[in-house]
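Asks: would you be able to build a 3D model of this:
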Amino acid sequence: MKIIIDSYIPYIKGVLDGVAEVTYLPFCEITPETVRDADALVVRTRTRCDGRLLAGSRVRFIASATIGYDHIDAAYCRAHGIRWTNAPGCNALSVVQYVASALSYLSLRDGYPLWGRTLGVVGVGAVGSRVAAWAERLGMRVLRNDPPRARREGCTGFATLRQVCEEADIVTFHTLLDREGEDATYYLGNESFFRALRRKPVVVNAARGEIVETEALLHALDEGRVADVVIDCWEHEPDVNRTLLDRAVLATPHIAGYSADGKANAAMQSARAVSRFFGLGLDDWTPGGLPAPYGIDWEGMADVREFFLNTYDIEADSRRLKEHPERFEQLRSNYPFRREPVAYLGGQGGALMSEVERIWMGL
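Replies: Model (predicted):
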């Protein structure tokens with residue numbers, strides 16, 4: 001059998017080579033011609049898995065090493081007997097780290113505490129639920145907005161989008177991208193959303209670019225309805241809107257989920273999924289070779305905000321994109337994976353380490 005794997009997926013190279021013929025290709029070379037005689041694909045969000053790619057191929061299984069799956073045409077796959085899987089939750093803590101570092105940066109820059117402020121989390125799935133838990137352990141008030149969950153579980157514990165607009169000091173998006181239906185999230189952050197804001201919040205998009213309408217966001221900035229923007233996901237990637245790039249306080253090339261730990265989880269889930277489907281005997285494979293965490297000075301840090309910034313310098317990522325927006329895809333595909341906070345715990349950090357462990361462990 002033959003498997004094609006996106007060559008930018010780390011930690012998976014060599015794993016399946018002993019049980020199948022494996023070809024590693026950059027996403028731009030995963031084409032109808034190259035997949036025609038493949039039995040399985042292991043891809044990222046950059047590969048649109050639909051009839052244009054798959055028609056006439058012998059592909060039977062697709063593993064996406066990502067949380068999101070809007071790049072997979074589920075209807076086409078179902079109609080043609082192609083099974084697929086994603087990697088739910090694989091990089092959820094990486095995105096929490098991204099949000100924690102972004103909010104710590106703004107808090108220290110502007111001289112206000114995070115504890116006591118109100119965070120609106122739009123989309124409370126694998127990522128959003130952990131962002132909400134992190135924020136509450138930090139001492140923030142959290143508004144959880146997730147209409148599908150509220151219908152299933154009851155409204156207690158959930159907030160309406162109107163409540164988020166009226167009460168949140170910070171709004172962070174963590175929904176999947178759904179273009180149709182009762183719970184469509186395409187342009188959820190639109191003119192109506194921004195007109196409903198009451199507290200001039202910080203807006204964070206680390207979900208999908210099309211969840212927030214670029215022109216509506218720029219208009220909200222012009223009108224002073226939004227204080228600051230942190231944006232990792234963009235409409236029309238990799239061709240980012242240069243005006244929004246300039247206006248955003250932090251702007252990154254869709255790398256919120258790009259921790260070494262998250263990538264290793266994605267590789268593991270994908271390889272195991274392929275193994276289970278084809279009976280390859282690698283159902284328990286675990287990746288290794290993750291980079292060592294940076295050395296940090298626990299005694300030189302005053303509180304947990306400094307810890308999050310010392311373990312992930314989000315401003316440096318933003319500076320690189322702002323200086324070279326034309327390198328969006330290069331910066332993303334060649335990103336030097338960071339380690340998540342758990343890699344720094346268990347040493348001699350004293351009271352601060354204990355506080356970080358209380359906030360982080362078990363998310």
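
Asks: now the closest residue to Gly189 other than its chain neighbours: phi and psi?
Replies: Once flanking residues are discounted, Gly189 sits nearest to Val212: 3.7 Å by CB to CB, 6 or more residues apart in numbering. Quick note: C-beta positions are derived from backbone N, CA and C, even for glycine. In terms of degrees, to the nearest 10, the main-chain angles of Val212 are phi -110, psi 130.

Asks: hmm, Val212 is touching Asn205, no?
Replies: Yes - at 4.9 Å, Val212 counts as touching Asn205 under the criterion of CB atoms under 8 Å.

Asks: ok, Asp303 - how many residues close by?
Replies: A count of neighbours around Asp303, defined by other CB atoms under 10 Å, yields 16.

Asks: for the closest residue to it other than its chain neighbours, which residues are in contact?
Replies: Spatially, and ignoring its direct neighbours in sequence, Asp303 is nearest to Leu352 (7.2 Å; CB to CB, 6+ apart). Taking CB atoms under 8 Å, 6 or more residues apart in numbering, we find Leu352 in contact with 298, 301, 303-304, 307.

Asks: just among these, which is most surrounded?
Replies: Most crowded among the contacts of Leu352, counting by other CB under 10 Å, is Phe307 at 26 neighbours.

Asks: does the residue nearest to Asp303 fall in a helix, a strand, or a coil region?
Replies: Secondary structure assignment for Leu352 (DSSP: H, G, I helix; E, B strand; the rest coil): helix.

Asks: quick check: the gap between it and Ala126.
Replies: Going from Leu352 to Ala126 by CB to CB, to the nearest Å gives 28 Å.

Asks: which parts of the stretch 251-363 of the chain are helices?
Replies: Along the stretch 251-363 of the chain, the segments classed as helices by DSSP state H, counting those that start in this stretch run 260-278, 304-311, 314-323, 328-333, 350-360.

Asks: out of these, the one nearest Arg149 is which?
Replies: Among the helices of the stretch 251-363 of the chain, helix 260-278 comes nearest to Arg149, with 22.9 Å by CB to CB.

Asks: can you tell me which helices and strands the closest one packs against?
Replies: The elements that helix 260-278 packs onto, with contact taken as 3 or more CB pairs under 8 Å, 6 or more residues apart in numbering; DSSP states H and E, are strand 40-43, strand 61-64, strand 83-85, helix 92-110.

Asks: just the buried residues of stretch 164-172, please?
Replies: By neighbour count on 16 or more other CB atoms under 10 Å, the buried set for stretch 164-172 is 164-165, 168-172.

Asks: same question, stretch 309-319
Replies: For stretch 309-319, by 16+ other CB under 10 Å, it's 309-312, 314-315, 317-318.

Asks: just give me the closest of these to Arg58.
Replies: Nearest to Arg58 out of those is Asp317 (CB to CB; 40.2 Å).

Asks: for the residue nearest to that closest one when sequence neighbours are not counted, grab the count of nearby residues.
Replies: Excluding the flanking residues, the one nearest Asp317 by CB to CB, 6+ apart is Thr252, at 4.7 Å. The number of residues packed near Thr252 is 29, by other CB under 10 Å.

Asks: right, and Ser333 touches Ser7 too?
Replies: No - checked against CB under 8 Å, the pair Ser333 and Ser7 is beyond contact range at 9.4 Å.

Asks: overlap of the contact sets of these two?
Replies: Joint contacts of Ser333 and Ser7 (CB under 8 Å, 6+ apart) are Pro26.

Asks: picking that back up, which two in the buried residues of stretch 164-172 are spaced the farthest apart?
Replies: Within the buried residues of stretch 164-172, Cys165 and Thr172 form the most distant pair, 13.4 Å apart (CB to CB).
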